[in-house]
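Engineer: Fold the following, please.
(chains A and B)
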Amino acid sequence: MPPIIQITNLTKKFGNIMAVDHLNLEVEDGEILGLLGPNGAGKTTTILMLVTVIRPTEGTATVGGYDIRKNPDKVRELIGVVFQEPKMLWVSTTWDIVNWHAKVCGLPNEERKRRVRQVLEDLDMWEHRRKNVHALSGGMRKRVELAKVLVQRPKIAIIDEPTAQVDVVGKHRIWNMICRLRDEGSTIILATNELYEADILSDRVAIMHKGKLLVCDTPKTLKDSIIGGDIVEIQLENDASTAIIGDLKNFKEVVNVLQIKPTLLRLYLNKVEEVVPKIMNMLLKKNVPVTSIHMSEPSLDDVFAHYTGLTIEEAQKVGV
Amino acid sequence: MLVAERDVRLFFQYKFLIIIRAIWFVSQIVLFGLIASRMINVQEVPDYFRYYVSGLSIMTLYSAAIFIGFDIYEEAEHGVFEYLLSLPVSRRQLVLGRSIGGGLRAFIYVGPLIAASLYVIGAVNPLNFLAALFSLFLFSFGVSGMSITIAVMIKSIDRFDILMGVLDALIVRLSTAMYPLNVVQTANPIYGGIANFNPVSYAADLFRWGTGLPDIITLDNPLLPLVGIIAFFAIFTFIGITIYDRRIEGGGWQ
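Structural biologist: Numbering: from 1, shown residues only, chains lettered A, B, ... in the order given. Next up, the predicted model:
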């Protein structure tokens, strides 16, 4: 099955600034693709080009088989966008905004009213439907912005930082609704700089930095790609012998073993979930009692740092 | 039509602006119109008060239709522009919808004021008036298209504001909205030439023709101003679509 979005050498320059630099990426039908990167990585510019709001300087993309340069009208029929900053005039009410969006997207009268009510209730915004948006908090406005796409149920939903300014309870509600949207048949591009959000929602994650795509794969594969990225700390009952340390180093997945204390070993390894049972079996056979074991796998931040030398937080601070 | 509907609904959210403009309109009639008409006693205008009230309706329609240009800046500032451009609507539909919406809302807004004018002016020939009303529709859409065209060409709202002020001074003051063509021509033949080819003059003349003030219209044949208004509407709608397409597509407004 051909990818629903095929991005080829997509480039956008603003003066001398290369906002997006020869981006090549494919998005499969029905997946959630996380577009991860710090502010200024080029995520929003990529999105604006995909939805035909701005024109690429170079390269192109096909969306649902339509070229964004040649058939922008057809492309827009397939896409719904949740913008990073809620796009609404302050005098409008929640109901007006969502209902009008549904009308423009061609929803029949009864279905439109049903869906608007359903989505606003799900987002806990029904009681605020008659309020002007200037009376809403930042998080509520973000929910109104999201409501437009949830009502639309587009073939492709592009969601730019959906949970910025949203409280923890609201975040979980929004994540569930994004997953439901995918389950109903939408392909989703989720642009975010929140690592946890990208990790738990995305089928694949594309990491962008300085307008370039660094890497794209499943979160698990990305984490596993960091050599020795998993960390296991084993607390032994007795001091660890040199022989035991040597045996641990013999596992091909183990990259390094440090003796933190006489009874505490720290192992840097890959594929933690596969190798830890083997290690435990070995220690059991050699009659080495274990008091406790603590495992941690690398985060997407570690993946980002692996490719850029900076954490996402550091990259945001230096504005690159 | 949904784009037009949105613009109409949004306009009527600005209640303060609407009330202030209505107060301005009434004040112009009951203060300026009544007082100034006592000073004017020329052969060309037997009743300047009625002449002024009909012209004022056109001037108000013009300024209300211009307002859509300010909306463009407001939307650019709040990022709504990007949202509108991402919708499953072609750019042509979008600009046409906005042009119609801008004109329609101005017309709806001026409707009660026109009714007040009719009450003041008096006699009405219903058929003539309907024809005049239709041409005012087109005039309103044309002005709205002109405002959109200028707004997307000029990125600064301050410059737009100043330019619209200058345009207002030139187009409205050099028209027959406030004084008959003969008087303008006598003052300066160049002024008269401009007033003769001015959509505001056409609209004012048609409105007076429709409301039964034929003794003070500029042109003998109402078909000429009607054709002029249709041309004005067609040109600015077409230019609006073209400029909007070129300037906006590709992020030109940023």
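
Engineer: Spell out the secondary structure type for the residue sitting furthest away from the middle of chain A.
Structural biologist: Centroid-distance maximum for chain A: residue A:287 at 44.2 Å, with CA atoms, centre = their mean. Three-state assignment for residue A:287 (DSSP: H, G, I helix; E, B strand; the rest coil): coil.

Engineer: and if you look at residue A:294?
Structural biologist: Applying three-state DSSP: residue A:294 is strand.

Engineer: tell me the SS of the closest residue to it other than its chain neighbours?
Structural biologist: Spatial nearest neighbour of residue A:294, excluding adjacent residues (CB to CB, 6 or more residues apart in numbering or on different chains): residue A:233 at 4.5 Å. C-beta: built from backbone N, CA, C; applies to glycine. Put simply, residue A:233 is strand when judged by three-state DSSP.

Engineer: how deep is residue A:233 tucked in, by neighbour count?
Structural biologist: 15 (other CB atoms under 10 Å in any protein chain shown).

Engineer: Give me the distance between it and chain B.
Structural biologist: 48 Å (CB to the nearest CB, to the nearest Å).

Engineer: Report the contact partners of that residue.
Structural biologist: Residues in contact with residue A:233, defined by CB atoms under 8 Å, 6 or more residues apart in numbering or on different chains, are A:260, A:264-267, A:293-295.

Engineer: repeat for residue A:127
Structural biologist: So residue A:127 contacts nothing (CB under 8 Å, 6+ apart).

Engineer: got it, and residue A:104?
Structural biologist: Residue A:104 sits next to B:2-3, B:87-89 when contact means CB under 8 Å, 6+ apart.

Engineer: what ranges do the helices span in chain B?
Structural biologist: For chain B, the helices defined by DSSP state H occupy B:2-11, B:15-27, B:34-37, B:48-78, B:80-85, B:91-121, B:126-153, B:157-167, B:173, B:181-187, B:189-196, B:199-210, B:223-248.

Engineer: Return the distance of stretch B:147-160 from the chain's centre.
Structural biologist: Computed by CA atoms, centre = their mean, to the nearest Å, the chain-centroid distance of stretch B:147-160 equals 17 Å.

Engineer: How about residues contacting that stretch?
Structural biologist: B:65-70, B:72-73, B:95, B:98-99, B:102, B:163-164, B:167, B:236, B:239-240, B:243-244, B:247-248, B:252-253.

Engineer: if we can go back for a sec, the contacts of residue A:233, buried ones only, as a ChimeraX selection?
Structural biologist: In ChimeraX syntax, the buried subset of the contacts of residue A:233 is picked out as below (16 or more other CB atoms under 10 Å in any protein chain shown):
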select /A:264,265,267
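
Engineer: where do the helices sit along chain A?
Structural biologist: A:43-50, A:72-78, A:94-104, A:109-122, A:138-152, A:168-183, A:195-201, A:219-224, A:242-250, A:272-285, A:300-308, A:312-318.

Engineer: Can you lay out these as TSV showing mean pLDDT?
Structural biologist: Output for those, formatted as TSV (pLDDT from 0 to 100):
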stretch	mean pLDDT
helix A:43-50	91
helix A:72-78	92
helix A:94-104	89
helix A:109-122	91
helix A:138-152	89
helix A:168-183	89
helix A:195-201	88
helix A:219-224	85
helix A:242-250	91
helix A:272-285	89
helix A:300-308	79
helix A:312-318	70
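
Engineer: which of the ones you listed sits most buried?
Structural biologist: Highest mean neighbour count among these (mean count of other CB atoms under 10 Å in any protein chain shown): helix A:43-50, with a mean of 25.

Engineer: Convert that helix to PDB, retaining C-alpha atoms only.
Structural biologist: Presented in PDB, the C-alpha positions along helix A:43-50 are these (Å, rounded to 0.1, in the frame of the first residue of the first chain):
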ATOM      1  CA  LYS A  43       7.600  21.100  12.400                       C
ATOM      2  CA  THR A  44       5.000  23.900  12.100                       C
ATOM      3  CA  THR A  45       6.500  25.100   8.700                       C
ATOM      4  CA  THR A  46       6.300  21.500   7.400                       C
ATOM      5  CA  ILE A  47       2.700  21.300   8.500                       C
ATOM      6  CA  LEU A  48       1.800  24.600   6.900                       C
ATOM      7  CA  MET A  49       3.300  23.400   3.600                       C
ATOM      8  CA  LEU A  50       1.400  20.100   3.800                       C
END
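
Engineer: picking up where we left off before, can you redo the helices of chain A as TSV with distance to residue B:77?
Structural biologist: As requested, the helices of chain A are arranged in TSV below (distance: least, CB to CB, whole Å):
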stretch	distance to residue B:77
helix A:43-50	17
helix A:72-78	23
helix A:94-104	17
helix A:109-122	27
helix A:138-152	16
helix A:168-183	27
helix A:195-201	29
helix A:219-224	38
helix A:242-250	62
helix A:272-285	50
helix A:300-308	33
helix A:312-318	25
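
Engineer: Compare these and give me the one nearest residue B:191.
Structural biologist: helix A:94-104 (45.5 Å; CB to CB).

Engineer: Tell me the gap between the closest one and the middle of its chain.
Structural biologist: On CA atoms, centre = their mean, the centre of helix A:94-104 falls 27 Å from that of its chain.

Engineer: ditto for stretch A:49-69
Structural biologist: Its chain's average C-alpha position is 22 Å from that of stretch A:49-69, according to CA atoms, centre = their mean.

Engineer: Can you give me the buried ones in that stretch?
Structural biologist: Quick answer for stretch A:49-69 (16+ other CB under 10 Å): A:49-56, A:59-64, A:66, A:68.

Engineer: Filter the residues you listed down to the ones in strands?
Structural biologist: A:59-63, A:66 (DSSP state E).

Engineer: what's the farthest-apart pair in these?
Structural biologist: Across those, the longest distance by CB to CB is 15.5 Å; it joins A:59 and A:66.

Engineer: if we can go back for a sec, nearest to residue B:127, out of the contacts of residue A:233: which one, please.
Structural biologist: residue A:295 (88.0 Å).

Engineer: thinking again about what came up before, could the contacts of residue A:233 be laid out in TSV, adding pLDDT?
Structural biologist: Shown next, in TSV, are the contacts of residue A:233 (pLDDT from 0 to 100):
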residue	pLDDT
A:260	84
A:264	90
A:265	90
A:266	86
A:267	88
A:293	91
A:294	89
A:295	85
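
Engineer: can you list the contacts of residue A:233 in CSV and add distance to residue A:131?
Structural biologist: CSV is the format used below for those (distance: CB to CB, whole Å):
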residue, distance to residue A:131
A:260, 57
A:264, 57
A:265, 59
A:266, 54
A:267, 56
A:293, 53
A:294, 49
A:295, 48
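
Engineer: Taking the contacts of residue A:233, tell me the two that lie furthest apart.
Structural biologist: A:260 and A:295 (15.3 Å).

Engineer: Quick check, pLDDT for residue 18.
Structural biologist: I'll assume chain A. pLDDT for residue A:18: 91.

Engineer: meant chain B actually
Structural biologist: 76.

Engineer: what pLDDT, on average, does stretch B:80-88 get?
Structural biologist: 85.

Engineer: can you dump the C-alpha coordinates of that stretch into CSV?
Structural biologist: Provided in CSV are the C-alpha atoms of stretch B:80-88 (Å, rounded to 0.1, in the frame of the first residue of the first chain):
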residue,chain,number,x,y,z
VAL,B,80,-7.1,33.1,11.6
PHE,B,81,-5.9,33.7,8.1
GLU,B,82,-3.9,30.4,8.3
TYR,B,83,-7.0,28.6,9.4
LEU,B,84,-9.1,30.0,6.6
LEU,B,85,-6.4,29.0,4.1
SER,B,86,-6.3,25.5,5.4
LEU,B,87,-10.1,24.9,4.9
PRO,B,88,-11.4,22.7,2.1
